[in-house]
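Asker: A structural model of the following input is requested.
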Amino acid sequence: MISVENLKVEFNATALFANVNFVINKKECIALVGKNGAGKSTMLKILAGLQHPTAGNVSLPKDTTIGYLPQVMLFNDNRTVKEEVRQAFDHITDIQTTLAAIRKEMDERTDYESESYNELLEHFTHLNERYLMMGGMNYEAEIDRTLIGLGFEKKDLERPTSEFSGGWRMRIELAKLLLRKPDVLLLDEPTNHLDIDSIQWLETFLQTNQHAVVLVSHDRAFLNNVTNRTIEITCGKIYDYKVKYDEFVELRKERREQQLRAYENQQKMIEETEDFIRRFRYKPTKAVQVQSRIKQLEKIELIQVDEVDNSALRLKFPPSIRSGSYPLICEDVRKAFGEHEIFNNVTFTLNRGEKVAFVGRNGEGKSTLVKCIMDEISFEGKLTIGHNVQIGYFAQNQAQMLDGEVTVFETIDQVATGDIRLKIRDILGAFMFGGEASDKKVKVLSGGERTRLAMIKLLLEPVNFLILDEPTNHLDMPSKDILKDAIRDFDGTAIIVSHDRDFLDGLVTKVYEFGDGKVREHLCGIYEYLQERHIESLNELQKSSGEKTTATTNNEESHISESKLSYEAQKEFNRNKKKLEKQIKDCEKEISQLDAAIKILEEKMATAEGATDITLYEKHGNLKKQLEESMEEWEEVSNKFDELENNNK
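Answerer: Numbering: from 1, shown residues only. This next block holds a predicted model:
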């Protein structure tokens, strides 16, 4: 569908990436990954036609439509939410206007037998059929369904967009984009401002989407649930994997190990060649050989090893005094703003060492309760902070409290103690402040950079009770892994407000759900909670079914009956699908490994010594044959998978 050929982008004569080639096919959902600054957002802008590359081109078929969601956007404040989203259907409303005009003209005319009237009638019929095919009768319901799926309530749809925060307005833009149903969706960090419910809705939408998707996200669970291909930008190159993110991580690890071995062998060869040149440079009898070795060195293309993955770096919170057995006790806590009640009767106790999650839709009071705990706002009821509790608090406004006149390095140097002082540069690098970035003044940092710096500072302070409000919003995946490991090893108590399921998984043992003015306790991890909540929501649907009309109930009973009839067939389909998916993954893993092995072999064959090594050519031929066989097997299994999918439609 979209072909990227020999793409190159330079900034100030420095190449961001070069010689990039790949194809985006129909129905593919691709994760675009790489460390911050590698060029992911730039690549999306080029695909969207908003930025021109230094060299190369992007070709796509005529009439291909592209929808692009950037991280930052401009908004129109002159419409309600529904009016703004209705802009996605301009093409349908234009037809509506034309149909109304034709209908008015037909009502006013009386020359029913004339040729011009028949032509007008034919035009109206053709246009009306097109209108119906485009969903003209249903698009209002589709607007409501999409907005409610993204977290809006029915009463919100007639409110002006100016009343909503940046995160909610981003959802409005996302709704417009999804409703336009472009051939290719380009999404840059779409989950940053979404809560868990909305992320799950978006996942379902993208899983059932029939068009191509390319997305950038630091939400590992989201990538694994949605994408089936991973393209990594690293060291100015791209590596293309036909697998989900978690499998890509394993293959990337194997690739880097192969790169390291090839790099070490090349360095050894270079060292031996340079040693030969030094020893015999001035010996006339060796002059020809020396010149040959010098030319050989000049022709060598140095092997690059991918950026070091700093996720191996482990941080541990400095030791702190032991807190009391109950760091936090909430008793009948209530908070309201005027007549609008946020929550009431919140009662729970946290035990020392517990790590819990605050989850729920945006606006249900998660951050509000945190502010009550921190005594930043007034409330009703009783909140008791336990004996010897030292709170480490992270919120977005913490970033604004940093001293703008000192450098990034000095900010951390002021709080680091003991052996950790020797690792300051490593820590800063792991949180994307490597090299010259550590010498920047804090006042020139972006909001996201300040947030990351505030997080590092918190990691180095001796506390026994952590309260983290959306701590992962500006962290990439390696940085999140470092933070997660640090919290997991933390001896104290922790409250984490987050919508990042992968971050919370294996970290929290209790979930507090905020919703409908209540805070409900769930004694389980995040995924158990999501499963439990899904069952609860089904029960709630069943409870409310008696209040529906007879017609609705009959429709639901019919649907349930159909579901029972198709259950066994669906079970068999799922079993076969899972089996074929595993076979496809195994083939793709083998293909990636063979590709990597062939590339390393070809790099060796390109050296002067390798060019005369017959065994290398034999190995190369064998690997090529294995690759062809694996490709044939992959194609055969993929065809079976497509056939299975088509038969199930």
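Asker: which sections of the stretch 1-150 of the chain are below the confidence cut-off?
Answerer: 72-76, 91, 133-137 (pLDDT under 70).
Asker: for it, what spans make up the strands?
Answerer: Assigned by DSSP state E, counting those that start in this stretch, the strands in the stretch 1-150 of the chain fall at 2-11, 14-24, 29-33, 55-59, 66-69.
Asker: of all those strands, which lies closest to Leu594?
Answerer: If you check each of the strands of the stretch 1-150 of the chain against Leu594 by C-beta to C-beta, strand 14-24 wins as the nearest, at 18.7 Å. Yep, even glycine has a C-beta here, placed from its N, CA and C like the rest.
Asker: Buried residues, the closest one. List them.
Answerer: Buried residues in strand 14-24, counted by 16 or more other C-beta atoms under 10 Å: Leu16, Phe17, Ala18, Val20, Phe22, Ile24.
Asker: Look up how far Met43 lies from the closest residue to the fourth one other than its chain neighbours.
Answerer: Translated: Val20. Nearest residue to Val20, sequence neighbours excluded (C-beta to C-beta, 6 or more residues apart in numbering): Leu7, at 4.0 Å. Distance of Leu7 to Met43, computed by C-beta to C-beta, to the nearest Å: 8 Å.
Asker: Quickly list what's touching both of those two.
Answerer: Shared contacts of Leu7 and Met43 (C-beta atoms under 8 Å, 6 or more residues apart in numbering): Phe17.
Asker: For these two, indicate the residue with more neighbours.
Answerer: Between Leu7 and Met43, counted using other C-beta atoms under 10 Å, the more crowded position is Met43 (29 against 22).
Asker: re earlier: of all the strands of the stretch 1-150 of the chain, which one is nearest Gly492?
Answerer: Comparison of the strands of the stretch 1-150 of the chain against Gly492 by C-beta to C-beta identifies strand 29-33 as nearest, at 33.1 Å.
Asker: List the pairing partners of that closest one within its sheet, with orientation.
Answerer: Strand 29-33 has the following strand partners under DSSP bridges: strand 212-216 (parallel), strand 229-234 (parallel).
Asker: Output the last one in PDB, but only the C-alpha positions, please.
Answerer: Read it as strand 229-234. Only the C-alpha atoms of strand 229-234 are listed here, as PDB (Å, rounded to 0.1, in the frame of the first residue of the first chain):
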ATOM      1  CA  ARG A 229       4.800  -6.200  13.200                       C
ATOM      2  CA  THR A 230       7.600  -4.200  14.800                       C
ATOM      3  CA  ILE A 231       9.900  -1.700  13.000                       C
ATOM      4  CA  GLU A 232      12.800  -0.500  15.100                       C
ATOM      5  CA  ILE A 233      14.700   2.700  14.300                       C
ATOM      6  CA  THR A 234      18.200   2.500  15.700                       C
END
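Asker: I'd like the buried residues of strand 14-24 laid out as a markdown table, including distance to Gln207.
Answerer: Conversion of the buried residues of strand 14-24 to a markdown table gives the following (distance: C-beta to C-beta, whole Å):
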| residue | distance to Gln207 |
| --- | --- |
| Leu16 | 32 |
| Phe17 | 30 |
| Ala18 | 34 |
| Val20 | 28 |
| Phe22 | 22 |
| Ile24 | 18 |
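Asker: Among the residues you listed, which one lies nearest to Leu468?
Answerer: Using C-beta to C-beta, Leu16 comes nearest to Leu468 of the buried residues of strand 14-24, at 33.1 Å.
Asker: Can you give me the separation between the closest one and Ser41?
Answerer: With C-beta to C-beta as the criterion, Leu16 and Ser41 are 11 Å apart.
Asker: now swap in Glu602 and tell me
Answerer: To Ser41, Glu602 is 32 Å away according to C-beta to C-beta.
Asker: Give me the more crowded residue out of those two.
Answerer: Ser41 (17 against 13).
Asker: how close does that one sit to Val226?
Answerer: Look at Ser41 and Val226: by C-beta to C-beta, they are 19 Å apart.
Asker: How are the strands of the stretch 301-450 of the chain distributed by residue range?
Answerer: 328-337, 340-350, 355-360, 380-385, 391-394.
Asker: from what I can see Ser198 touches Phe152, true?
Answerer: No - the pair Ser198 / Phe152 is not scored as a contact, 9.4 Å apart, by C-beta atoms under 8 Å.
Asker: what do these two both touch?
Answerer: Joint contacts of Ser198 and Phe152 (C-beta under 8 Å, 6+ apart) are Arg171.
Asker: What's the end-to-end length of stretch 382-393?
Answerer: In stretch 382-393, first residue to last residue: 20 Å (C-alpha to C-alpha, to the nearest Å).
Asker: Which of the residues in that stretch are classified as buried?
Answerer: Leu383, Ile385, Gly386, Val389, Ile391, Gly392, Tyr393.
Asker: Let's see stretch 272-279 as PDB, backbone CA atoms only.
Answerer: Output of stretch 272-279 as PDB, limited to C-alpha atoms (Å, rounded to 0.1, in the frame of the first residue of the first chain):
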ATOM      1  CA  GLU A 272      46.000  -7.500  13.900                       C
ATOM      2  CA  THR A 273      46.100  -5.600  10.600                       C
ATOM      3  CA  GLU A 274      47.200  -2.400  12.200                       C
ATOM      4  CA  ASP A 275      49.900  -4.300  14.200                       C
ATOM      5  CA  PHE A 276      51.100  -5.800  11.000                       C
ATOM      6  CA  ILE A 277      51.300  -2.400   9.300                       C
ATOM      7  CA  ARG A 278      53.200  -0.900  12.300                       C
ATOM      8  CA  ARG A 279      55.700  -3.800  12.400                       C
END
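Asker: Please name the nearest non-neighbouring residue to Gly49.
Answerer: Ile66 (7.0 Å).
Asker: so what's that neighbour up against?
Answerer: Ile66 sits next to Leu47, Ala48, Gly49, Leu60, Pro182, Asp183, Val184, Leu186 when contact means C-beta under 8 Å, 6+ apart.
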